[in-house]
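Enquirer: Here is my input; please provide its structure:
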Amino acid sequence: MVSDSLGETAEFVARAAASQFDSGQVEIRRVPYVSDIRHLEEVVEEASGSNAVIAYTLILPEFKARMQELSQQCQVPAVDILGPMVEAIAHVSRVNPRLEVGLLRKLDEQYFRKVEAVEFAVKYDDGKDPRGLLNADIVLIGVSRTSKTPVSMYLAHKRIKVANVPLVPEVAPPDELFKLPVRKVVGLTIDAGQLNSIRQERLKTLGLSASADYASKQRILLELDYAHGIMQRIGCPIIDVTNRAVEETASKVLEIYQKGERYGR
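Expert: As a prediction, this is how the structure comes out:
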């Protein structure tokens, strides 16, 4: 299996093909990260002295051409695993392939980073475990119903690890929150009137009285004032989420974070 990347694709196809034969054990040797034409020559020369078939996933045209030339010269069967499919897609789509090495691996890495970020957001949502704050890329703070969880999940799908902490006057914020670089913490606030409406609707969906203290204007003003004090103590930027869509808030959070990364704040 010869590849300019890991060689997993060639190995998978070879094993699938070999499973159709009962003539004995097939030994598969993977030769990954081929980045030199001379390496190809060594591999083909070695294969020519044995009962071998070469399967290759080489993207760069000069490497493919040399592999075809060498295999013919040494009379070693060689199968281009990716070439015919890439050419067929290029023909149908009328788009030239990018011809970049390791793109599938990069896509896989991005996928797994996204999964990891989503799992992180779920695990450290709503201040469940303050120990995770130190491992977060971003920590969102604010009173209840300021879109902390939706924004966390939206950013997680962009492979950003986000934790969030609710600010409640009766519960002291975790010590870890004050150990973070300011660039990692973003405060979310909201207009008291809109928060009152949101909380009343929330209580209705839970089958509770809309007159509960949770949705009272006095309680909301107390919470917002307390949260603002914590945010000032930390010195973090504050975003007003009043009438903002989740995507808009997330974009603003990401902008603040990236600016902090850039200038080391």
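
Enquirer: Contacts for stretch 192-203, please.
Expert: 143-146, 190, 209-210, 212, 214-217, 220-221, 224, 242-243 (Cβ atoms under 8 Å, 6 or more residues apart in numbering). (C-beta placed from N, C-alpha, C; glycine too.)

Enquirer: how about a cut-off of 10 Å?
Expert: The contact list for stretch 192-203 (Cβ atoms under 10 Å, 6 or more residues apart in numbering) reads 143-147, 189-191, 208-212, 214-221, 223-225, 241-243.

Enquirer: what about the residue nearest to residue 80 when sequence neighbours are not counted, which SS state?
Expert: Excluding the flanking residues, the one nearest residue 80 by Cβ to Cβ, 6 or more residues apart in numbering is residue 56, at 6.3 Å. Under the three-state scheme (DSSP: H, G, I helix; E, B strand; the rest coil), residue 56 adopts strand.

Enquirer: does residue 56 really touch residue 34, like I thought?
Expert: Yes - applying Cβ atoms under 10 Å, one finds residue 56 in contact with residue 34, separated by 8.5 Å.

Enquirer: mind listing the strands in the stretch 1-150 of the chain by residue range?
Expert: Assigned by DSSP state E, counting those that start in this stretch, the stretch 1-150 of the chain shows strands spanning 2-3, 54-57, 78-80, 138-142.

Enquirer: so which of the ones you listed gets nearest residue 12?
Expert: The closest of the strands of the stretch 1-150 of the chain to residue 12 is strand 54-57. By Cβ to Cβ, the value is 10.0 Å.

Enquirer: tell me, what's touching residue 56 and residue 34 both at once?
Expert: Shared contacts of residue 56 and residue 34 (Cβ under 10 Å, 6+ apart): 2, 3, 4, 7, 40, 43, 63, 67.

Enquirer: now the second one, nearest residue through space, not along the chain?
Expert: Setting aside the residues directly before and after it, residue 3 is nearest to residue 57 in space (Cβ to Cβ, 6+ apart), at 4.6 Å.

Enquirer: about what we covered before: mind checking how far the residue nearest to residue 80 is from residue 96?
Expert: Computed with Cβ to Cβ, to the nearest Å, the distance linking residue 56 and residue 96 is 21 Å.
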